[in-house]
Structures are given as structure tokens and as C-alpha cells.
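Student: Kindly generate the corresponding structure for this input.
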Amino acid sequence: MKSIAVFNNKGGVGKTTLLCNLAGYLCKKKKKKILVIDADPQCNTTTYVLDEEQFIDVYYEPTCFTIADIVPPLEDGSGYIQEFNITESTHFGFDVIPGNPKFAACEDFLASEWKDVKSSELRGIKSTMLFFHFLTLCDKYDYVFFDMGPSLGAINRSILLSCDFFITPISSDVFSLLALENIGKSIVQWAAFFDGGISKLEQRKRESLNGMKQSCSLRFLGYVEQQYISKSVGGTPRAVQAYDKILQKIPDEIYQNIILPINHENSSITEYKIGSIPNFHSLVLMSQSAHKPIFELLNVDGVVGAHYQKVKDFSNLMDLISQNMLTNVEAFND
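Tutor: So this is what the prediction gives:
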């Protein structure tokens with residue numbers, strides 16, 4: 001099982017749409033066993049991939065498990081959870097741990113525990129690794145994806161320290177470029193504190209972490225350009241000039257701010273741009289209304305005329321992005 005966070009601390013970059021459609025494509029077309037964890041207190045993934053009946057079942061049935069159920073046992077001293085149940089998305093095909101606005105209240109708890117990581121206190125280290133422990137319960141899946149809120153807070157820090165990889169969606173605006181420096185600096189700093197905290201533990205306490213992470217192993221898997229306006233040039237779609245200026249700056253910014261500091265020990269990935277998705281406008285809204293992936297939209301969902309070619313184009317993009325992602329995962333396994 002490999003865990004992948006889809007993360008950008010800037011909001012509005014199309015993160016949830018990318019994650020859900022990529023995970024859905026891997027599940028339905030690549031036949032991978034997928035779990036998606038909605039760790040964004042805004043719950044956008046949950047409202048996107050669950051139809052109305054599923055939504056009612058999750059939030060009005062007391063036995064349904066959500067992301068908010070992971071942290072409380074640790075807060076009250078009971079320890080890590082040992083089992084959970086999932087919800088399956090009817091149209092996307094993958095399993096889901098639904099989001100919950102109550103999860104936002106866990107931010108303060110995880111932030112306070114981080115102080116103990118810096119001072120090599122076992123409790124804080126174990127609290128910070130709660131998502132890593134949760135992932136040990138997910139070994140039946142090929143891939144576990146985390147949707148995350150746009151922040152550099154304690155919840156996202158714990159998730160990123162627990163994951164194998166992260167993917168960054170980037171919209172074609174200057175603020176997305178500026179956010180890249182924050183991402184790289186924060187992850188490097190968190191990893192240094194986490195690794196340092198564990199390395200200073202007494203041997204007896206360190207042995208109690210058997211089976212848990214002993215250091216941060218998070219690596220950057222790649223990025224996806226998104227939300228630009230394209231036009232056809234000689235039959236080939238290209239970003240219009242205003243967007244193209246930003247897009248051309250992305251590779252160098254990614255290299256300087258993320259690849260160099262985070263993936264400095266790995267040189268086997270040859271291409272970090274795993275995809276480029278122009279704005280699909282109304283198809284995104286149709287997809288959200290139907291609670292279906294864009295690549296499976298039909299006439300009953302509002303698709304007419306030229307929309308059919310756009311659905312096909314989007315499916316081709318998902319095929320390319322999913323294959324590029326799988327290729328980069330394998331590069332780290334070599």
C-alpha cells in the first residue's frame with residue numbers, strides 16, 4: 001500500500017476535483033483498490049463523491065465512521081483506534097472515509113502535541129503519528145489518498161509526515177507560485193524536527209515505536225497544472241498567453257522549492273509534471289451535481305453536443321496522469 005497526499009497550501013487550485021477523478025480513474029479503469037480519506041474539514045470530497053442517499057446514511061446514522069472519529073480516542077488516553085468502517089462511493093467506485101467539520105477541532109490538540117515532538121517526548125511523537133498508525137490498518141488497498149485543507153497547520157503536518165508521497169496541483173496564477181516556497185520550507189522543517197525528536201529518544205522508548213515510522217520518508221511525486229484557458233494552435237491545445245507566462249515559470253519554481261530540498265536523494269524520476277488540465281468549465285459543475293467522475297458523464301447528466309468530446313478529452317488526460325503517477329511511484333521503488 002502506498003499513501004499519497006494531494007496538497008497545496010493555497011486554496012482554489014482544483015485539488016479536490018483532481019483527487020477524486022484521479023482516484024476514480026485508478027479504481028475504475030486501472031483496477032486499483034483505492035481508499036480516499038477526506039481530511040479537509042470543509043468536506044468537499046465527501047459532498048462530491050457521495051450521492052444524496054449515501055450522504056444521509058453517513059451523517060444521520062450513528063454507526064458511520066468519519067475522519068472525526070480518528071483523533072478523540074487518542075485525546076482521552078485510549079490510544080489509537082484499531083478498526084473502522086468505510087463508505088463506498090456509488091459512482092466513483094472507491095472507498096471513502098468521509099469528512100466531518102468537527103475534525104477542525106483536532107487542530108489545537110495536534111498543535112499542542114507537536115511541542116513534545118521537538119523535546120523528544122514519546123507522547124507527542126505517538127500523537128503526531130496517528131495517521132501513520134491509521135494507514136497500517138489500510139493494507140488491503142493499493143493506494144490511500146488524502147484530501148487536505150489549504151493550510152500549513154497541525155492536521156496537515158501530521159498527515160504529510162505520515163504519507164509516502166504528495167502530489168501538488170497548481171493553478172496558473174502568481175499566488176500558486178508563491179505558495180511553493182512555503183510548502184518546501186515547511187516540510188523540510190517538519191521533517192527535521194520529527195527526525196530529531198525520534199533520534200533523541202531513550203532506547204527503551206524508541207523500541208516502543210516498533211512498527212511505526214522512525215523518520216520522515218515523504219517524497220514529492222509530481223505536480224499537475226490546472227485551471228488555465230487553452231486555445232487550439234495548429235490542432236494542438238495550448239494555454240493562452242496570459243496563462244502560459246505563469247505555466248512556464250512552474251518547472252523552475254518546483255525544482256528550486258520542492259524537488260531540490262525534499263527529493264535531493266532521488267534522481268530516478270525523469271518528469272515531475274505528471275499532467276496538465278485546462279479549465280473544463282461546465283463539465284466540472286455537471287460532475288459535482290451528478291456526484292460522478294467527469295470521465296463518465298452522460299446525456300442524463302447534461303452532456304450534449306461538443307461536451308461529449310470534452311468528456312473524452314478529460315478521460316484521456318486522466319489516463320495520462322494516472323500512468324505518469326504510477327510510473328513515478330515505481331521510480332521510488334527501484
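
Student: what's the spacing between the nearest residue to N85 once chain neighbours are set aside and T16?
Tutor: Excluding the flanking residues, the one nearest N85 by CB to CB, 6 or more residues apart in numbering is F65, at 4.8 Å. Every residue, glycine included, has its C-beta placed from N, CA and C. From F65 across to T16, the span is 20 Å (CB to CB, to the nearest Å).

Student: Tell me which of those two has more neighbours.
Tutor: Set side by side, F65 and T16 show more neighbours around T16, with 23 against 17, by other CB atoms under 10 Å.

Student: looking at this, the more buried one is in a helix?
Tutor: Yes - assessed by DSSP: H, G, I helix; E, B strand; the rest coil, T16 belongs to a helix.

Student: Which pLDDT value belongs to it?
Tutor: Listed pLDDT for T16 reads 95.

Student: so it touches D147, yeah?
Tutor: Yes - checked against CB atoms under 8 Å, the pair T16 and D147 is within contact range at 5.7 Å.

Student: what sits in contact with each of these two?
Tutor: 40, 44-45 (CB atoms under 8 Å, 6 or more residues apart in numbering).

Student: List just the nearest of the residues you listed to N279.
Tutor: N44 (17.8 Å; CB to CB).

Student: re the thing from before, let me see the contact set for the residue nearest to N85.
Tutor: F65 neighbours (CB under 8 Å, 6+ apart): 84-86, 97-98.

Student: now do M286
Tutor: 294, 297, 301-303, 307.

Student: re earlier: looks to me like the residue nearest to N85 is in a strand.
Tutor: No - judged by three-state DSSP, F65 forms no part of a strand; its state is coil.

Student: how far away is it from P98?
Tutor: F65 is 8 Å from P98, by CB to CB.

Student: same thing with D195?
Tutor: In terms of CB to CB, D195 sits 33 Å off from P98.

Student: quick one: the strands in this structure?
Tutor: Here the chain has its strands, by DSSP state E, at 2-6, 34-39, 87-88, 95-97, 143-148, 165-171, 219-228, 230-233, 236-239, 273-278.

Student: Can you say which of the ones you listed is nearest to V71?
Tutor: Taking the strands of the chain one by one with CB to CB, strand 34-39 is closest: 10.8 Å.

Student: At which residues are the helices of the protein located?
Tutor: With DSSP state H as the criterion, the chain has helices at 15-28, 44-49, 52-60, 72-75, 106-118, 122-128, 130-136, 154-162, 174-199, 203-207, 241-254, 260-262, 282-290, 307-333.

Student: Tell me who's in contact with I125.
Tutor: 116-117, 194, 197-198, 201, 209.

Student: Excluding covalently adjacent residues, which one is nearest to D57?
Tutor: Nearest non-adjacent residue to D57 (CB to CB, 6+ apart): C64, at 6.5 Å.

Student: from memory that neighbour sits against P98, does it?
Tutor: Yes - the pair C64 / P98 is scored as a contact, 7.3 Å apart, by CB under 8 Å.

Student: any shared contact partners between these two?
Tutor: In contact with both C64 and P98: 58, 87, using CB under 8 Å, 6+ apart.

Student: So between D195 and P98, which is more surrounded?
Tutor: Taking neighbours as other CB under 10 Å, D195 and P98 compare with P98 leading, 26 against 16.

Student: OK, contacts around that one?
Tutor: Per CB under 8 Å, 6+ apart, neighbours of P98: 38, 43, 46, 50, 58-59, 64-67, 87.

Student: All set now, cheers.
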